[in-house]
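*Asks:* Fold the following for me, if possible:
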Amino acid sequence: MDVYGLIGNPVGHSLSPPMHEAGYGSLGIDARYVTFEPAPDDAVAAIEGAGALGVAGLNVTVPFKQDALDAVDPAPLAERIGAVNTVDFAPVRDGDADRPRGHNTDATGVKRAFSHHGVGLDGRDAVVVGAGGAGRAAAFALADAGAAVHVANRTAERAVELAEAVPGATGGGLDDLEGRVAGADVLVNATSVGMDEPEATPVPADHLHGDLAVLDAVYAPIDTRLLREAAAAGATTIDGAWMLLFQGVEAFEIWTGADAPVDAMNAALRAELE
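*Replies:* Numbers count the residues shown, from 1 in each chain. Predicted coordinates for the structure are as follows:
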């Protein structure tokens, strides 16, 4: 039996175990997915220990995504983003490398969420609200897919700093958000606004329009105020569970080499969110 897992602190809220185990069950793979909660300073030791114990793969969540870089050979995208959320021990197990491979599937989750909903990104104008970890993944994902990206953040300096790392991107504060969204084809909320206060929204309703495709990274609640108001404006809406699903799907495929059973994994994920 193969063992996969998640390291983070805390991880008690994670929806990854039922999602991944539904995938294993659907394909008849003898595997389990478990959670680990190392102390805040022990990310590298935890990853090295997991490898020594024969764990086949790990997901990495907050606050360890940056620290994990020190324990892996990062794939180019993970290195550019500056964060790892998936660790593959196969290169070490197979004798091909001394360190496990580190990936960032958050970015892939963004691209696949849009693709699943028929939204093309090449040549589009995109606004990413938020310059934290999710914002970094979204900005790189959109730019790599051919979109022109503008990062908007409450602290303008952080948006500008991120934009300088993303090819062709611009960054700024929230003061010109209305104008930016008015000319955009794609909008991503990469903040936590709408999670702890369900009636809060990062983008006022009067900024939204019917030519937008809107992805909200918040998945609890799954039907955020931003998405409700975007739908009322005629926009295409994509809830955060799709991003969560497809980052997990990408990790599943890296670890197993099999095409993930997306429908089974999605059903298990959404059953947990009901």
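*Asks:* Going by C-alpha atoms from here, please, whenever you check contacts or count neighbours.
*Replies:* Will do.
*Asks:* And the helices in the chain?
*Replies:* With DSSP state H, the ranges of helices along the chain come out as 16-27, 43-52, 76-81, 90-93, 105-116, 133-144, 156-165, 177-182, 225-232, 240-256, 262-273.
*Asks:* and residue 215, which of those helices is closest to it?
*Replies:* Judged by Cα to Cα, the one of the helices of the chain that comes nearest to residue 215 is helix 240-256, at 6.8 Å.
*Asks:* Give the other helices and strands that the closest one contacts.
*Replies:* The contact analysis (3 or more Cα pairs under 8 Å, 6 or more residues apart in numbering; DSSP states H and E) places helix 240-256 against helix 16-27, strand 86-88, helix 105-116, helix 262-273.
*Asks:* Stretch 48-66: how far from the chain's middle?
*Replies:* Stretch 48-66 has its C-alpha centroid displaced from the chain centroid by 17 Å (Cα atoms, centre = their mean, to the nearest Å).
*Asks:* again with stretch 5-16
*Replies:* Put simply, stretch 5-16 sits 14 Å off its chain's centre (Cα atoms, centre = their mean).
*Asks:* what does stretch 162-176 give?
*Replies:* Taking Cα atoms, centre = their mean, one finds the center of stretch 162-176 at 19 Å from the center of the full chain.
*Asks:* what does it rub up against?
*Replies:* The contact list for stretch 162-176 (Cα atoms under 8 Å, 6 or more residues apart in numbering) reads 131, 136, 139-140, 143, 148-157, 159-161.
*Asks:* so can I have CSV of the helices and strands packed on helix 240-256 showing distance to residue 48?
*Replies:* Below are the helices and strands packed on helix 240-256 laid out as CSV (distance: least, Cα to Cα, whole Å):
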stretch, distance to residue 48
helix 16-27, 21
strand 86-88, 11
helix 105-116, 20
helix 262-273, 28
